[in-house]
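Asks: please find the sequence and the predicted model below.
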Amino acid sequence: MFSESPIKRRKSTRIHVGNVPIGDGAPIAVQSMTNTPTTDVEATVAQIKRIEGVGGEIVRVSVPTMDAAEAFKLIKQQVNVPLVADIHFDYRIALKVAEYGADCLRINPGNIGNLERVRAVVDSAKDKNIPIRIGVNGGSLEKDLQEKYGEPTPEALVESAMRHVDILDSLNFDQFKVSVKASDVFLAVGAYRLLATKIDQPLHLGITEAGGLRAGAVKSSVGLGMLLAEGIGDTIRISLAADPVEEIKVGFDILKSLRIRSRGINFIACPSCSRQEFDVIGTVNALEQRLEDVLTPMDVSIIGCVVNGPGEAEVSDLGLTGARNMSGFYLDGQRQKERLPNDDLVSQLETRIRAKASILDSNNKINVKDVS
Ligand code: SF4
């Protein structure tokens with residue numbers, strides 16, 4: 001039971017990272033980055049598969065050395081999800097990974113060295129038909145910009161980004177996306193807002209080094225929420241000091257909150273209080289875990305008593321309203337005759353949610369709803 005998002009997306013050009021479209025109204029792609037040593041092929045492949053397993057659509061892998069480039073080749077052969085190779089200065093690494101099948105190069109043209117090197121990288125990207133991501137970061141702003149602005153400001157970040165953009169423009173290369181990340185929410189938001197007025201290319205959003213799981217998720221939600229609500233942003237990465245799998249989950253939860261994308265179950269649950277007729281928190285946590293594999297977009301309300309239960313259940317695909325011993329059960333907003341025993345709610349609900357998900361899947365012939 002989804003209402004459409006009122007958000008009007010900023011118009012942009014489109015690029016493709018592998019088979020994933022970015023920009024020009026494409027669904028906002030959720031990505032993450034590996035944190036294993038890239039030279040440990042087995043561990044990196046395993047992590048990429050875990051990221052993909054929870055819905056990650058693009059994975060970035062850092063390639064700091066030529067050894068890592070050789071490992072990247074082997075990794076690429078063993079995974080399906082598109083890979084962005086993250087390179088900082090060495091243009092030869094960029095040429096290597098392009099040859100090895102990278103789906104996007106994250107490299108700042110202004111950091112590569114002379115124009116001939118930049119031209120070699122751009123020619124290779126053109127030849128392989130892969131895009132580039134320009135990534136500016138508040139923590140590594142050029143010295144002269146730090147001096148000019150005194151501190152990282154939105155204008156400084158955007159000026160830095162535009163230097164790289166101008167280089168690509170001068171080489172007639174327009175297949176790129178840009179990020180202007182900062183760990184401060186207002187700095188990042190200001191920079192993205194300004195950048196959105198200057199270029200037509202897609203924007204990759206992120207609050208960099210956001211922090212650990214809880215604080216980082218909150219900071220990212222606030223920052224990206226402000227931008228996404230304004231229609232700014234075409235792909236997102238949540239930077240957490242945590243398992244990359246969590247980055248994907250948080251990313252989709254942000255998009256779900258704004259009704260930009262709906263993937264998996266949207267649980268509506270009350271915080272519970274002494275009126276609860278069953279253990280709301282335990283039930284919701286258990287269901288979230290058991291149903292992680294369900295990608296079907298659906299609203300499920302789990303409410304502890306009749307104060308708010310019926311109202312939420314009536315606008316959910318499936319709802320539970322706490323009552324003594326046997327709780328009220330709703331399907332498609334309709335109260336059912338059947339009641340569910342409070343001492344077996346998790347299993348009973350899991351069965352019914354899975355059944356509803358497969359009906360929705362067969363009706364829609366899709367299992368992910370993207371509002372764009
Ligand atoms: S819905 Fe009922 S149980 Fe849940 S918080 Fe409100 S009053 Fe408490």
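Replies: Noted; the coordinates are in hand.
Asks: buried residues in the top helix by length along the chain?
Replies: Taking DSSP state H as the criterion, the chain has its longest helix at helix 345-364. Neighbour counts using 16 or more other C-beta atoms under 10 Å place 345, 346, 348, 349, 352, 353, 356, 357, 360 of helix 345-364 among the buried residues. C-beta: built from backbone N, CA, C; applies to glycine.
Asks: show me the contacts for the fourth one.
Replies: Put plainly, it is residue 349. Going by C-beta atoms under 8 Å, 6 or more residues apart in numbering, residue 349 touches 283, 287, 300, 302, 318, 320, 340.
Asks: so the second one lies in a strand, does it not?
Replies: It refers to residue 287. No - counting by DSSP: H, G, I helix; E, B strand; the rest coil, residue 287 is located in no strand; its state is helix.
Asks: and for it, the neighbour number?
Replies: Residue 287 is flanked by 23 other residues according to other C-beta atoms under 10 Å.
Asks: likewise the third one?
Replies: Residue 300 has 25 neighbouring residues, counting by other C-beta under 10 Å.
Asks: isn't it right up against residue 268?
Replies: Yes - with contacts counted by C-beta atoms under 8 Å, residue 300 reaches residue 268, the gap being 7.0 Å.
Asks: ok so, going back, between the contacts of residue 349, which is closest to the ligand?
Replies: residue 302 (9.5 Å; C-beta to the nearest ligand atom).
Asks: near the ligand, which residues of this protein?
Replies: 270, 271, 272, 273, 275, 276, 303, 304, 305, 307, 308 (C-beta under 6 Å from any ligand atom).
Asks: give me the subset of those lying in helices.
Replies: Using DSSP H, none of the residues of the chain next to the ligand sit in helices.
Asks: for the protein, which segments count as helices?
Replies: Going by DSSP H, the chain shows helices at 41-53, 66-78, 91-99, 115-128, 143-149, 154-170, 185-196, 213-229, 244-257, 280-290, 309-313, 345-364.
Asks: and the angle for the fourth one with helix 91-99?
Replies: Using axes from the mean of the first three to the mean of the last three C-alpha atoms, to 10 degrees, the direction of helix 115-128 lies 10 degrees away from that of helix 91-99.
Asks: residue 121 and residue 91 touch, don't they?
Replies: Yes - between residue 121 and residue 91 a contact is recorded at 5.2 Å, counting by C-beta under 8 Å.
Asks: shared neighbours of these two, anything?
Replies: Both residue 121 and residue 91 are in contact with 107, 112, where contact means C-beta under 8 Å, 6+ apart.
Asks: going through the residues of the chain next to the ligand, which ones are buried?
Replies: Here, 16+ other C-beta under 10 Å leaves 270, 272, 276, 303, 304, 305, 308 buried among those.
Asks: can I get these in CSV with pLDDT and distance to residue 11?
Replies: Output for those, formatted as CSV (pLDDT from 0 to 100; distance: C-beta to C-beta, whole Å):
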residue, pLDDT, distance to residue 11
270, 96, 40
272, 95, 44
276, 97, 47
303, 97, 40
304, 97, 45
305, 96, 47
308, 93, 40
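Asks: any shared contact partners between residue 300 and residue 268?
Replies: In contact with both residue 300 and residue 268: residue 316, using C-beta under 8 Å, 6+ apart.
Asks: picking that back up, using CSV, list the CA coordinates for the longest helix of the chain.
Replies: In CSV, the C-alpha atoms belonging to helix 345-364 read as follows (Å, rounded to 0.1, in the frame of the first residue of the first chain):
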residue,chain,number,x,y,z
LEU,A,345,3.2,-14.7,16.7
VAL,A,346,6.6,-14.8,15.0
SER,A,347,6.1,-18.0,13.1
GLN,A,348,2.4,-17.3,12.3
LEU,A,349,3.2,-13.9,10.9
GLU,A,350,6.3,-15.1,9.0
THR,A,351,4.1,-17.7,7.1
ARG,A,352,1.5,-15.1,6.3
ILE,A,353,3.9,-12.4,5.3
ARG,A,354,5.7,-14.8,2.9
ALA,A,355,2.4,-15.9,1.4
LYS,A,356,1.4,-12.3,0.9
ALA,A,357,4.8,-11.5,-0.6
SER,A,358,4.5,-14.2,-3.2
ILE,A,359,1.0,-13.1,-4.2
LEU,A,360,2.3,-9.5,-4.6
ASP,A,361,5.2,-10.8,-6.7
SER,A,362,3.0,-12.8,-9.0
ASN,A,363,0.6,-9.9,-9.4
ASN,A,364,3.3,-7.4,-10.2
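Asks: dump the helices of the chain into CSV; add mean pLDDT as well.
Replies: Compiled in CSV, the helices of the chain are given as follows (pLDDT from 0 to 100):
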stretch, mean pLDDT
helix 41-53, 97
helix 66-78, 98
helix 91-99, 97
helix 115-128, 96
helix 143-149, 94
helix 154-170, 97
helix 185-196, 98
helix 213-229, 97
helix 244-257, 95
helix 280-290, 96
helix 309-313, 96
helix 345-364, 94
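Asks: per-residue confidence at the one residue in the stretch 51-200 of the chain that gets nearest to the ligand?
Replies: The stretch 51-200 of the chain approaches the ligand most closely through residue 54 (28.9 Å), counting by C-beta to the nearest ligand atom. Model confidence at residue 54, given as pLDDT, is 88.
Asks: with residue 320 instead?
Replies: pLDDT, read off for residue 320, is 98.
Asks: is it true that it touches residue 302?
Replies: Yes - the criterion here is C-beta under 8 Å, and residue 320 meets it with residue 302 at 5.2 Å.
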